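>>> Next input, structure requested:
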Amino acid sequence: MTIERDDRPKILIVDDTKENIDLLLEVFRDEFRVSAATNAERALKLARADHPPDIILLDILMPEMDGYELCAALKNDEATKGIPVVFVTAVSEVMDATRGFAAGAVDYITKPFHPPMVKARVRLHLDLKSKYDLLESYAFIDALTEVNNRRRFDLVLEDEWNRARRSKRSLSLIYLDVDHFKAFNDTYGHGAGDDCLRRLAAAMAGALHRSGDFIARHGGEEFMILLPYTDPDEALTIAQHLNRIIDGLAIPHVSSPVAAHVTVSMGVVSVDPDARLSTREIVDAADRALYAAKHAGRHRIEQIAI
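Have a look, this model is predicted:
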């Protein structure tokens, strides 16, 4: 039996009054997936779930933690700060708009509701969020190769190194450089060089099957492959596999003194989680391993453990 996936936007309604929840459910149920919470604790749990809401409609007057406080808590949490919050208030209530926007809300709507207007405003904020998410994703993507860029790599490396130290498991990094790439560009032209980098990036990204493995273009013809929870033997096996994948592309390189096709050199470093190192020192160690591979003749892998 096939289960159809429900891709409708998801709304979380937070209100301590059941009548208000029922009213909003009636407005949105046909076009959106709707869930509800009657207190801040439940709202935070739903917002932090694996499938969080796309937008939150939040009542201001609630016991224990009011809407302003809950909104601030959502915006101070890395997992929920990107969810748009729209305050819901009765005309008779005092709405401190300045305080609401300062807490991180994007808008507010008043009761009694005019359903077409409420839907239109929710659609507007969902559309704005979608465009913002798209722009944010582009900020972390290398425009040429469409893999992650150096900015994204720096952030992920920091997160993964912190996680490795907490879990007491090794972290490995492969620093990869395309051999004699300047000569390739001089021979075939920069357009062919761009196409070469795109093919290499796609091939390597396709060869990394574990969920945590991460590839980024580090600049020019250099790439970084981050391998969480990976010991030295596993890291070397993955580096050798990538090397075979790249050799298998057989991209011609008549100007290379190493081989008749495009090749790469790799520096592999595996870090003990107890090592007191900065992420900069980890990258520097991988750079030293890469330099050793180049110095030894290129088209090879050099590995160190720290």
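>>> Next, count neighbours for D194.
Residues near D194, counting by other CB atoms under 10 Å, number 13. Where you see a C-beta, it was placed from the backbone N, CA and C, and this is true even at glycine.
>>> wait, I109
I109: 16 surrounding residues under other CB under 10 Å.
>>> for E234, same thing?
If you count neighbours by other CB under 10 Å, E234 ends up with 15.
>>> Hmm, E158 is touching R280, no?
No - using CB atoms under 8 Å, E158 makes no contact with R280, being 10.2 Å away.
>>> Show me the domain layout of the chain.
Domain segmentation of the chain under automatic domain parsing yields 10-136, 150-305.
>>> What's the local residue count around I56?
Neighbour count of I56, defined by other CB under 10 Å: 26.
>>> and the helix or strand bottoming out on mean pLDDT in the chain, how far from the chain's centre?
When the helices and strands of the chain are scored by mean pLDDT, DSSP states H and E, helix 97-103 comes last with a mean of 81. Mean C-alpha position of helix 97-103 versus that of the full chain (CA atoms, centre = their mean, to the nearest Å) differs by 29 Å.
>>> Repeat that for stretch 99-108.
26 Å.
>>> Tell me the buried residues in that stretch?
Using 16 or more other CB atoms under 10 Å as the test for burial, stretch 99-108 gives G100, A103, G104, A105, V106, D107, Y108.
>>> which regions of the chain sit below the pLDDT cut-off?
Low-confidence segments of the chain, defined by pLDDT under 70, are located at 1-5, 91-96.
>>> Quick check, R199 in contact with A250.
No - using CB under 8 Å, R199 is not in contact with A250; the gap is 10.7 Å.
>>> Show me where the protein has its helices.
Counting by DSSP state H, the chain has helices at residues 18-28, 40-47, 67-75, 97-103, 115-139, 150-167, 181-188, 190-207, 232-249, 279-295.
>>> Mind listing what's buried along stretch 57-64?
For stretch 57-64, by 16+ other CB under 10 Å, it's L57, L58, D59, I60, M62.
>>> ok, so of these, who is nearest Q303?
Q303 has its nearest neighbour among the buried residues of stretch 57-64 in L58, at 52.5 Å by CB to CB.
>>> ok, the closest one touching V88?
Yes - assessed by CB under 8 Å, L58 is found in contact with V88 at 6.4 Å.
>>> Are there residues contacting both of those two? Which ones?
D15 (CB atoms under 8 Å, 6 or more residues apart in numbering).
>>> if we can go back for a sec, nearest to A143, out of the domains of the chain?
With CB to CB as the yardstick, what comes closest out of those is domain 150-305 (9.6 Å).
>>> can you tell me the distance between the two ends of the closest one?
Length of domain 150-305, first residue to last, CA to CA, to the nearest Å: 23 Å.
>>> Repeat that for stretch 291-305.
Stretch 291-305 end-to-end distance (CA to CA) = 15 Å.
>>> in it, what's buried?
Buried-residue list, stretch 291-305, by 16+ other CB under 10 Å: A292, A293, R298, H299, R300, I301, E302, Q303, A305.
>>> The fourth one and P112, how far apart?
What it means is H299. 73 Å (CB to CB, to the nearest Å).
>>> D133: how many residues sit nearby?
D133, neighbours per other CB under 10 Å, totals 11.
>>> ditto for the one 4 residues further on
Counted with other CB under 10 Å, the burial measure for S137 works out to 10 neighbours.
>>> what does D142 give?
D142, neighbours per other CB under 10 Å, totals 21.
>>> thinking it is in contact with R217, fair?
Yes - counting by CB under 8 Å, D142 does reach R217; the two are 4.2 Å apart.
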